[in-house]
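>>> Quick one, fold the following:
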Amino acid sequence: MTWDVFTGGFCQTNAYLLNTGGRRLLVDAPEDCAAWLRGLGVRVDALLLTHQHFDHVMDAARLVADHGCPVVAWSQPTPELWLNRLVSQMAGWELEIAPYVVTHELGGPGRGCGEVLEVAGESFRVLHVPGHSPDSVCFYHAASARCFCGDTVFAGGIGRTDFPGGNAAGLLAGIREKLFSLPGDTVLLPGHGGLTTVADERTGNPFFTE
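The predicted structure follows:
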């Protein structure tokens, strides 16, 4: 698997375009990534959402309209997950996100953390790690030792836990139990900033070394 990264929106949010050998997946949908894909002249076979804070889903509806692709996420979108009220209060303007439907609900009946997601001929283990957002998931691709972790953990940091639904203790425990149990050479591809590895964060992340 190879990938390209697009960083967009005023939160500088990463989207990852995965090429799986003729088919393509997109992880997260920040603002302007739909135009980026049109410029590349490629089509997306599925959209995977690590969580549904506004900056990760601004172009989700546009992608569905352009590509007719299924949307994979932990749960259906809600204004609470989008942080509509918080953003409106902080920014002084109404946050508008075009509606979309999650077609593969990972947290639905009979599903859950540890589920193996089969999409576009590839297998991902779904790791539900709430704390930054209640619906936060990481997609672990064992075959390439890659984990798309959204805003769960960053190089030298973790996701914010002061948003509605945040839980600092739960986030730290989930990272230790679910991400740090992955092989040390696993590359972590976060929602903001550059890449890191499980080994680097186990030993160097200040939230876990104090």
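
>>> What strand or helix carries the residue lying closest to Thr209 once chain neighbours are set aside?
Among residues not flanking Thr209 along the chain, Thr203 sits closest, at 7.0 Å (CB to CB, 6 or more residues apart in numbering). Just so you know, the C-beta spots here come from the backbone N, C-alpha and C atoms, and that holds for glycine as well. According to DSSP states H and E, Thr203 maps onto helix 198-204.

>>> contacts for that helix?
Here helix 198-204 makes contact (CB atoms under 8 Å, 6 or more residues apart in numbering) with 147, 153, 155-156, 175, 179-180, 182-186, 188, 208-209.

>>> top of those by neighbour count?
Val153 (29 neighbours; other CB atoms under 10 Å).

>>> List the contacts of that one.
Here Val153 is in contact with Gly159, Ile175, Leu179, Leu188, Pro190, Thr196, Glu201, Asn205 (criterion: CB under 8 Å, 6+ apart).

>>> what bridges to it?
For Val153, the beta-bridge assignment (DSSP bridges) gives partners Ile158.

>>> do you know how far Arg146 is from Leu188?
Counting by CB to CB, to the nearest Å, the gap from Arg146 to Leu188 is 8 Å.

>>> what does Asn205 give?
Taking CB to CB, one finds Asn205 at 10 Å from Leu188.

>>> Can you tell me the closest non-neighbouring residue to the most centrally placed residue in the chain?
Centroid check for the chain by CA atoms, centre = their mean gives Thr50 as the closest residue, at 2.3 Å. Setting aside the residues directly before and after it, Thr50 is nearest to Gly150 in space (CB to CB, 6+ apart), at 2.7 Å.

>>> isn't the one you found right next to Asp55, touching?
No. With contact taken as CB atoms under 8 Å, Gly150 and Asp55 are classed as non-touching, separated by 10.8 Å.

>>> Neighbour count: these two, which is higher?
Using other CB under 10 Å as the criterion, Gly150 and Asp55 rank with Gly150 on top: 30 against 21.

>>> Please name the residues that touch the residue nearest to Thr50.
Contacts of Gly150 by CB under 8 Å, 6+ apart are Asp28, Thr50, His51, His56, His132, Ser136, Val137, Cys138, Gly159, Pro190, Gly191.

>>> Quick check, pLDDT for it.
Gly150 carries a pLDDT value of 98.

>>> That one and Trp36, how far apart?
Separation of Gly150 from Trp36 (CB to CB): 19 Å.

>>> where along the chain do the strands fall?
Remark: strands assigned in the chain by DSSP state E are 2-8, 13-19, 24-27, 46-48, 71-73, 104-105, 116-119, 122-128, 137-141, 146-150, 153-154, 157-158, 187-190, 196-197.

>>> Confidence-wise, which helix or strand of the chain is lowest on average?
Counting by mean pLDDT, DSSP states H and E, the chain has its least confident helix or strand at helix 84-91, which shows a mean of 81.

>>> which of the contacts of Gly150 lies closest to Leu86?
His132 (13.6 Å; CB to CB).

>>> pretty sure that closest one is in contact with Gly157, am I right?
No. Look at His132 against Gly157 with CB under 8 Å: they stay out of range, at 11.0 Å.

>>> These two - which one has more neighbours?
The residue with more neighbours, out of His132 and Gly157, is His132; 28 against 16, by other CB under 10 Å.
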